[in-house]
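Q: Need a 3D model of the following:
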Amino acid sequence: AFSASSPHLSLAALVRNRDVYCATVWFLLYQLQQEAPRPKRVTCPQEMESRPKYYGREFHGVISRGHADELLAGTEAAYLIRESQRQPGTHTLALRFGHQTLNYRLFYDGKHFVGEKRFESVHDLVTDALITLYIETKAAEYIAKMTTNPIYEHLGYTSLLKDKTVHRLSHGRTEPRRVVMMEGTETLPRLSSILDGHSDFNRDTLLSGSRDP
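A: Numbers count the residues shown, from 1 in each chain. Take a look at the predicted model:
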């Protein structure tokens, strides 16, 4: 075992413990990804003539934020799409996570997106959001514990994790970080994307109550 009293660490020891560290983190992320809730589409009971061709029965037309919240209440990972009352023609993704309804402005240019990353379907987009939301929610405490381990102090990971992850996750509601998806198949999220603070689903894309009723 390594401690603060060990002034010299061989390169082999550093590499070996770095590999253990990386393997531990990746295993954690894999486990959390498998545990993440799966999307539950809330369908509109009637056919909507105003429904864009690129949306399905998850489109509910012009309804209020409050009505959307009522439709999603009590069902974790439930989602629907609504048209804004204040700005006709603009669409909002309402997603239930952590016992609250999150609202994101939704765009389409041949693919669906709320930020830079494009998706073939709304289902894929919601899957991405749920995985990253879940990972950050569950991983924060685990990563915080890792920063107190002397091994990681020697390897220089403690300050990195504290500065980029623990500090950010300790302030208010956590936001999801991007998960890489290739050809419709879920893959492990990149560790760097969790640490670097970049996301398609963040405070810039999350709609406040005053901006979208």
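
Q: Skip ahead from the longest strand along the chain and say which helix or strand is next.
A: What stands out as the longest strand in the chain, according to DSSP state E, is strand 100-108. Using DSSP states H and E, the helix or strand that follows strand 100-108 towards the C-terminus is strand 112-113.

Q: quick one: buried residues of the following helix or strand past that following strand?
A: Later in the chain than strand 112-113, the nearest helix or strand by DSSP H and E is helix 122-146. Buried residues in helix 122-146, counting neighbours by 16 or more other Cβ atoms under 10 Å, are found at 122-137, 139-140, 143-144, 146. To be clear about C-beta, it is placed using only N, CA and C from the backbone, and glycine gets the same treatment.

Q: re the thing from before, I'd like the average pLDDT over the longest strand of the chain.
A: For strand 100-108, mean pLDDT rounds to 97.

Q: Please enumerate residues in contact with that strand?
A: In this structure, residues lying in contact with strand 100-108 by Cβ atoms under 8 Å, 6 or more residues apart in numbering are 52, 54, 65, 68-69, 72-73, 81, 90-96, 112-114, 122, 173, 201, 205-207, 212.

Q: That one to helix 122-146, inter-axis angle?
A: Interaxial angle, strand 100-108 versus helix 122-146 (axes from the mean of the first three to the mean of the last three Cα atoms, to 10 degrees): 130 degrees.

Q: Using PDB, write out the CA atom coordinates for strand 100-108.
A: Provided in PDB are the C-alpha atoms of strand 100-108 (Å, rounded to 0.1, in the frame of the first residue of the first chain):
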ATOM      1  CA  GLN A 100     -39.300  16.700 -10.500                       C
ATOM      2  CA  THR A 101     -40.100  17.600 -14.100                       C
ATOM      3  CA  LEU A 102     -37.300  19.000 -16.100                       C
ATOM      4  CA  ASN A 103     -38.100  21.000 -19.200                       C
ATOM      5  CA  TYR A 104     -35.800  21.400 -22.200                       C
ATOM      6  CA  ARG A 105     -36.300  23.300 -25.500                       C
ATOM      7  CA  LEU A 106     -36.300  20.700 -28.200                       C
ATOM      8  CA  PHE A 107     -35.100  21.200 -31.800                       C
ATOM      9  CA  TYR A 108     -35.100  19.300 -35.000                       C
END
